[in-house]
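[1] Structure for this input, please:
(one chain, ligands or ions: 2)
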Amino acid sequence: MGVREKGVGIVAETDIEEGTLLWTEKPLYSSIARQLPDGEYSDLACEACGSYCGTLQLQLKLFGGSVSYTEACKTLASGEDSEIKELMKKPALPGVSEVDCILTDGAPLVLAVGDGHVVFCGQSCRKGWEDANKSLLKDGKLQKVRQIMVDEDLEYLGLAAALKNGAEASAGAGLDALCGDKYHKCIDRDGHEELSDEEWEKECMRPCEKLAGVMGMAPSEVSEIMGKLCRNSIMVTFTSPVFEYLAGVSGLKNKDTPEFADLMSLVRPVASKSKSTNKEPDSASESESEPEAKLELADGVVLTDKDVPPYAGWAVYPLLSAVNHACKPNLDTEFLQGDSTLSVLAKRKILKGQELTICYADPDDDQPERQAALRSYGFVCGCDLCGQELRAIAGPPAKKARARA
Ligand SMILES: [Zn+2]
Ligand SMILES: [Zn+2]
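    Ligands and ions are numbered 1, 2, ... in the order given. Modelled structure (predicted):
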């Protein structure tokens, strides 16, 4: 059902209890940014669905640096049985079945693309991805797109190329249905206030022009797709199954076993590798942020979610894209299946006729920051919460302090 004067909007047609799973959704297209040529990934995840490939053992070797991403891919692609067996040697920890240690059904597949490699969890993901990327795979286009992504440090470019490409096949209608504007109108201009409108537009057109050159499109068309992506992409992030597994291991009562010692021999290099990298001066403030989760596995062996980071990528979900914003939304979005499948749940009880909402900004921010973040969506939020907070900010200081507490 449509909602007047806003985006498409979705309204509850019946009462919904808190915690109800409303729908699950696969992305229209997810990021191809994870295959950047100069950055070796520390984990092997399926390009199409984001699920982790191989075994825990192999992932730990990658995290610890004893096997490089390229080496692991080459070995998997070579089909050399003995090497694969060695790489994927199953752990057999007390209380953990061998099956639980294998991260995917069947053997992962690897596709060589130029100097790089693309990993898939199985045949169906590979087939779907190859179908949608048919024209990108011709004439080295994919490598060129990846190079522009690296040069411009812009993951959306890969997504734009893939979407345009998929638009010739199945994703076309989905792309057309997304709302958006020209790219420069859809991105946050924070930190670039010194540029005039014309300079800003020119700045934003540069990556669009590069991509247009490779894809044989008009730069304005790329700008439109990029705008749609900025309005509709969400970050896909879920805990690494390796981290979840190790969290289970950290709680084991009996750690005095040869199996545990074996596992620690793989875990130790992961823990010490990150400690040595952290010592280097780092200008990027985001990589200095504190880890959120910490595991004490053995004496002196502490792993954090910086050592074994969560999966992170970008994706567009057509149905979620139709949901409007509220600063105090009634929907929760989560990645519960260990891949890029999105689960949408009711955050609280929703009554028939109420609109379903998600928060486009960080709901923990104060009203002015939220409004700033929402500017690139082209609207000023007039939700109940924003109204209340505006009144509180306009009131006496004591009242303001209470309102924020
Ligand atoms: Zn997959
Ligand atoms: Zn609001």
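[2] Show me the domain layout of this structure.
    As assigned by automatic domain parsing, the chain contains the domains 1-26+322-360, 364-405.
[3] Out of those, point me to the one whose mean pLDDT is lowest.
    Across the domains of the chain, the stretch with the lowest average pLDDT is domain 364-405; it has a mean of 67.
[4] Single out the most deeply packed of the domains of the chain.
    domain 1-26+322-360 (a mean of 16; mean count of other Cβ atoms under 10 Å). No exception for glycine: its C-beta is placed from N, CA and C like everyone else's.
[5] follow-up on the earlier one: Throw the domains of the chain into CSV and include distance to ligand 1, thanks.
    Supplementary listing: these in CSV, determined by distance: least, Cβ to the ion, whole Å:
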stretch, distance to ligand 1
domain 1-26+322-360, 7
domain 364-405, 31
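[6] For Leu157, find the nearest of these.
    With Cβ to Cβ, the closest approach to Leu157 among the domains of the chain belongs to domain 364-405: 17.9 Å.
[7] Quick check: end-to-end length of stretch 329-342?
    Using Cα to Cα, to the nearest Å, the end-to-end distance of stretch 329-342 comes to 17 Å.
[8] longest helix of this protein?
    In the chain, taking DSSP state H as the definition, the longest helix is helix 258-278.
[9] Mind giving me the packing neighbours of that one?
    helix 56-64, helix 241-250, strand 294-298, strand 301-304 (3 or more Cβ pairs under 8 Å, 6 or more residues apart in numbering; DSSP states H and E).
[10] And those: which comes nearest ligand 1?
    Of all these, helix 241-250 sits nearest to ligand 1, with 13.5 Å by Cβ to the ion.
[11] Export only the CA atoms of that closest one, formatted as PDB.
    Listed next in PDB are the C-alpha coordinates belonging to helix 241-250 (Å, rounded to 0.1, in the frame of the first residue of the first chain):
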ATOM      1  CA  PRO A 241      31.400 -18.200  11.900                       C
ATOM      2  CA  VAL A 242      35.100 -18.700  12.900                       C
ATOM      3  CA  PHE A 243      34.600 -16.200  15.700                       C
ATOM      4  CA  GLU A 244      31.400 -17.900  16.800                       C
ATOM      5  CA  TYR A 245      33.100 -21.200  16.800                       C
ATOM      6  CA  LEU A 246      36.000 -19.900  18.900                       C
ATOM      7  CA  ALA A 247      33.500 -18.300  21.300                       C
ATOM      8  CA  GLY A 248      32.200 -21.800  21.900                       C
ATOM      9  CA  VAL A 249      35.700 -23.200  22.300                       C
ATOM     10  CA  SER A 250      36.600 -20.500  24.900                       C
END
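[12] what about that helix, distance to the chain center?
    On the basis of Cα atoms, centre = their mean, to the nearest Å, the separation between the geometric centre of helix 241-250 and that of its chain is 21 Å.
[13] Which positions within that helix qualify as buried?
    Neighbour counts over helix 241-250 (16 or more other Cβ atoms under 10 Å) mark 241-243, 245-246, 249-250 as buried.
[14] Columns pLDDT and distance to ligand 2 on top of those, output as a markdown table?
    Supplementary listing: those in a markdown table, determined by pLDDT from 0 to 100; distance: Cβ to the ion, whole Å:
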| residue | pLDDT | distance to ligand 2 |
| --- | --- | --- |
| Pro241 | 83 | 36 |
| Val242 | 85 | 38 |
| Phe243 | 88 | 34 |
| Tyr245 | 82 | 40 |
| Leu246 | 86 | 39 |
| Val249 | 82 | 43 |
| Ser250 | 84 | 40 |
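[15] who touches stretch 189-196?
    Counting by Cβ atoms under 8 Å, 6 or more residues apart in numbering, the neighbours of stretch 189-196 from elsewhere in the structure are 200, 203, 372, 376.
[16] out of the residues you listed, which are inside strands?
    Taking DSSP state E, every one of the contacts of stretch 189-196 sits outside strands.
[17] Pick out the most distant pair among those.
    Using Cβ to Cβ, the contacts of stretch 189-196 reach their maximum pairwise distance at Glu203 and Ala372, which is 19.5 Å.
[18] Contacts only, for His143.
    His isn't right for residue 143; it's Gln. Counting by Cβ under 8 Å, 6+ apart, Gln143 touches 37, 113-116.
[19] what would the domains of the chain look like in TSV with distance to Ala77?
    As requested, the domains of the chain are arranged in TSV below (distance: least, Cβ to Cβ, whole Å):
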stretch	distance to Ala77
domain 1-26+322-360	22
domain 364-405	41
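[20] Give me every residue in the chain lying close to ligand 1.
    46, 48-49, 121, 125 (Cβ under 5 Å from the ion).
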